[in-house]
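Undergrad: sequence and predicted structure are below.
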Amino acid sequence: MTPGEELPPLTVPITRTLVIAGAIASRDYQDVHHDAEAARAKGSPDIFMNILTTNGLVGRYVTDYVTGRAGPKAVLRKVSIRLGVPSYPGDVLVLTGRILSVNERTIEISVVGTNRLGRHVTGTVLVALPSRTAA
């Protein structure tokens, strides 16, 4: 893994089930994440994915890549994201990433997630790498 290296993209279909299950799993009971009528009444065309589900997808994306290269003991240490446009059921979220820095203890990766409306999420993820001397 070297700075500038691109991660392979991850494509995630945004289904109604994913939006609702993600909200429930993260205990986010805001009606805009599960009730289409309530979401429309608040100005949204439909329910939309919450930030905690997005955060989980970013974590999954980076974890799958890094643990595949550095082993299962790599650990997410910091995820910093900013939301942009919403992700609605029927959208396809495409996550891409690029390695910003690598040293013997950590790797930092920038992540961008886009859908048909534009950038849904941007951020950076810091991962602690397993010690090379650890058994």
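TA: Yes, it's here.
Undergrad: contacts and neighbour counts: CA atoms only from here.
TA: Will do.
Undergrad: three-state assignment of the residue nearest to residue 113 when sequence neighbours are not counted?
TA: Of all residues beyond its chain neighbours, the one nearest residue 113 is residue 95 (4.2 Å), with distances taken as Cα to Cα, 6 or more residues apart in numbering. With DSSP: H, G, I helix; E, B strand; the rest coil as the basis, residue 95 sits in strand.
Undergrad: what pLDDT does the model give residue 95?
TA: pLDDT, the model's per-residue confidence, is 98 for residue 95.
Undergrad: then the one 5 residues further on?
TA: Each residue has a pLDDT score; the one for residue 100 is 98.
Undergrad: who does the helix or strand containing it touch, helix- and strand-wise?
TA: Applying DSSP states H and E as the criterion places residue 100 in strand 92-102. In terms of contacts (3 or more Cα pairs under 8 Å, 6 or more residues apart in numbering; DSSP states H and E), strand 92-102 is packed against strand 6-13, strand 106-115.
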